[in-house]
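Q: structure for the following, please:
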Amino acid sequence: MIVVSNSGPLISLAKIGKFYILKHIFKGIIISEGVYVEVVEGGKGKPGEKETEKALGKWIEKTKVSDNLAVQVLLSELKKGEAESIVLAKELKADLILLDDKTARDIAEASGLIAKGTVGILIIAKEMGIIKNFRIVINKLRDKGFYLKEDTYQRILRET
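A: Presented below is the predicted three-dimensional model:
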């Protein structure tokens, strides 16, 4: 399975001590150079920096985007890491792209990609038995500043 990730899920899962879930679920993920720069170089001392750096070359692979023009086109609506992640996922014919931003997910899905966000990853982890108490984990995520509409939060709790 080819999985490309943007920075959001890496950072969010690191904030709540659940970064390891990515390896357990996906075995390996691919990030663009822009995502690497954002999380590791620009994120010195912040959640996700050490975890991503430690996993690089083991189960996280950094890959350069080929179609820079496609990235430039997407920059009118998205941040660099999001744009690179979408273009890279298309280039690699990824099975899944990990994105939290709603606009980025909408663009990814409109271009034929299957997208999941941090909450979707946590739901998979719960279904696989990796997370025992989903409510505690999702509350910790929200406590760490992850934005989730109240009605979406309530619906997720009902459905999981």
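Q: contacting residues for the closest residue to Glu61 other than its chain neighbours?
A: Nearest residue to Glu61, sequence neighbours excluded (C-beta to C-beta, 6 or more residues apart in numbering): Ile30, at 4.9 Å. Just so you know, the C-beta spots here come from the backbone N, C-alpha and C atoms, and that holds for glycine as well. Contacts for Ile30 (C-beta atoms under 8 Å, 6 or more residues apart in numbering) come out as Ile2, Val3, Val4, Ser5, Ile60, Glu61, Lys62, Thr63, Leu88, Leu92, Ala94.
Q: distance of Ile30 from Glu41?
A: The gap separating Ile30 from Glu41 is 18 Å, by C-beta to C-beta, to the nearest Å.
Q: again, but for Val65
A: For Val65, the distance to Glu41 - C-beta to C-beta - is 17 Å.
Q: neighbour count for these two, which is higher?
A: Val65 (20 against 11; other C-beta atoms under 10 Å).
Q: tell me the pLDDT at that one?
A: Among the per-residue scores, Val65 shows a pLDDT of 98.
Q: one more: the one 10 residues further on?
A: In the prediction, the pLDDT value recorded for Leu75 is 96.
Q: surely it touches Gly81?
A: No. The criterion here is C-beta atoms under 8 Å, and Leu75 misses it with Gly81 at 10.7 Å.
Q: and these two? Which one has more around it.
A: Each of Leu75 and Gly81 has its neighbours counted (other C-beta under 10 Å); Gly81 has more, 26 against 13.
Q: got the residue ranges for the strands in this protein?
A: Assigned by DSSP state E, the chain shows strands spanning 3-5, 29-32, 60-63, 96-98, 115-116.
Q: quick one, which of the ones you listed gets closest to Leu148.
A: Closest of these to Leu148 is strand 115-116, at 14.6 Å (criterion: C-beta to C-beta).
Q: other SSEs contacting the closest one?
A: Packing contacts for strand 115-116, counted by 3 or more C-beta pairs under 8 Å, 6 or more residues apart in numbering; DSSP states H and E, involve strand 96-98, helix 102-110.
Q: and the contacts of it?
A: Leu96, Ile97, Leu98, Leu99, Ala104, Arg105, Ala108, Glu109, Ile124.
Q: so which elements touch the lengthiest helix in the chain?
A: Longest helix in the chain by number of residues (criterion: DSSP state H): helix 80-92. Secondary-structure packing of helix 80-92 (3+ C-beta pairs under 8 Å, 6+ apart): strand 3-5, strand 29-32, helix 33-36, helix 68-74, strand 96-98, helix 102-110.
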